[in-house]
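Q: Turn this into a model:
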Amino acid sequence: MSTSYQTGPSQRFEEPLDATLRGKVVIITGGGRGLGAATAQTLGIAGAQIVLADLDIERARARAAVLADMRITTLALPLDVGDEAQVSGLIREVRSRFDRLDIVINNAAIDVTTSIDELKVAEWERIVRTNLTGPFLMIKHAVAVMNNGGHIVNVASTAAKRTWANAAAYHATKWGLLGFSHAMHAELRPRGINVSAIIAGGMRTPFLLERFPDIDPQVLQDPMHVARVIRGVLTQPEGSVIPEVMVLPWRETSWP
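A: Residues are numbered from 1 along each chain as shown. Purely as a prediction, here's the structure:
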């Protein structure tokens with residue numbers, strides 16, 4: 001059985017309903033737009049219950065309304081991933097409302113495109129706090145309530161595998177997130193918790209399009225493609241886990 005849905009004016013996908021995800025409770029940080037929103041839609045159609053955790057709560061609520069129209073169980077909650085009190089409070093609320101937590105997708109990320117000369121200490125600290133401390137806090141508090149196993153997905157970037165100018169803090173956090181993800185993969189396996197890193201190439205999301213208006217959208221990939229890979233990672237047969245997977249746009253020329 002499958003269900004189709006529209007992702008744009010001329011693009012449709014067929015999404016199988018997977019019993020692996022049916023009824024699972026999924027927290028997606030930065031879930032209000034971009035890859036977070038695409039992942040919420042993909043997993044929700046597959047039967048998961050979605051918690052959109054976003055710094056911009058109005059954006060998350062608007063996206064939750066779209067998903068609700070698709071008959072996807074969705075809850076929008078405000079979250080600054082770098083604030084431990086907010087993270088622990090969100091985890092408690094999710095457990096209280098759903099009586100379970102199965103999957104956390106650490107998707108929230110920020111960047112400041114500037115040289116090391118111009119990068120302010122406060123900007124460095126804010127990027128590290130969001131991109132690296134945030135996933136640490138989410139995992140730390142989530143695993144405490146994942147009593148029957150679970151799955152953590154950390155959204156990294158090709159910035160964790162290569163470098164370019166004027167993105168020092170972003171590179172530092174994404175390389176750090178990839179290492180942290182593999183460390184958690186080793187540490188949490190005995191507790192029945194899988195950990196996977198998604199290394200995503202450039203996507204047609206506000207993260208790039210709003211900051212680089214001259215970029216050619218055709219060299220970027222649809223975030224729904226990456227969302228489908230995330231779904232695949234989450235639906236591996238019991239006994240297997242994908243600790244790392246890379247998804248690149250076909251026309252991305254900067255990758256060797």
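Q: Can you point out the buried residues in the helix ranked longest in the chain?
A: Looking across the chain with DSSP state H, the single longest helix is helix 168-188. Residues of helix 168-188 classed as buried: 168-178, 180-182, 184-185, 188 (neighbour count, 16 or more other CB atoms under 10 Å). For the C-beta atoms, the positions are set from N, CA and C on the backbone; glycine is no exception.
Q: can you check stretch 155-167 too?
A: In stretch 155-167, the ones that count as buried by 16+ other CB under 10 Å are 155-161, 167.
Q: And Gly149, what's its pLDDT?
A: Gly149 carries a pLDDT score of 89 in this model.
Q: Does it have any beta-bridge partners, and if so which?
A: Asn147 (DSSP bridges).
Q: ditto for the one 5 residues further on
A: Each beta-bridge partner of Asn154 is listed here, defined by DSSP bridges: Asn106, Ala197.
Q: Ala64: which of the buried residues of stretch 155-167 is nearest?
A: Closest approach between the buried residues of stretch 155-167 and Ala64, by CB to CB: Val155, at 19.9 Å.
Q: ok now do that closest one, which residues does it touch?
A: Applying CB atoms under 8 Å, 6 or more residues apart in numbering, we find Val155 in contact with 35, 105-107, 109, 197-198, 200.
Q: Can you tell me which of those residues has the lowest confidence score?
A: Ala200 (86).
Q: which residue is nearest the centroid of this structure?
A: For the chain, Asn107 is the residue whose C-alpha lies nearest the centre (CA atoms, centre = their mean; 2.7 Å).
Q: Verify the contact between that one and Ala37 for me.
A: No. Asn107 is not in contact with Ala37 according to CB atoms under 8 Å; the separation is 9.6 Å.
Q: tell me, what's touching these two both at once?
A: In contact with both Asn107 and Ala37: Gly31, using CB under 8 Å, 6+ apart.
Q: Pretty sure Thr113 sits against Ala169.
A: No. Using CB under 8 Å, Thr113 is not in contact with Ala169, being 10.0 Å away.
Q: contacting residues around Thr173?
A: 109, 127-128, 131-132.
Q: Could you export those residues as JSON lines, including distance to Ser240 and neighbour count?
A: Listed next are those as JSON lines, based on distance: CB to CB, whole Å; neighbours: other CB atoms under 10 Å:
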{"residue": "Ala109", "distance to Ser240": "27", "neighbour count": "26"}
{"residue": "Ile127", "distance to Ser240": "34", "neighbour count": "23"}
{"residue": "Val128", "distance to Ser240": "33", "neighbour count": "17"}
{"residue": "Asn131", "distance to Ser240": "28", "neighbour count": "27"}
{"residue": "Leu132", "distance to Ser240": "28", "neighbour count": "22"}
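Q: From those residues, which land in helices?
A: Of the contacts of Thr173, the ones assigned to helices by DSSP H are 127-128.
Q: Reformat the contacts of Thr173 as CSV; add distance to Glu58.
A: Converted to CSV, the contacts of Thr173 look like this (distance: CB to CB, whole Å):
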residue, distance to Glu58
Ala109, 20
Ile127, 23
Val128, 26
Asn131, 23
Leu132, 26
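Q: Pick out the most distant pair among the contacts of Thr173.
A: Counting by CB to CB, the most remote pair of the contacts of Thr173 is Ala109 and Val128, 11.2 Å apart.
Q: what's the distance between the residue nearest to the centre of the chain and Ser115?
A: 27 Å (CB to CB, to the nearest Å).
Q: cool, Val104 as well?
A: For Val104, the distance to Ser115 - CB to CB - is 34 Å.
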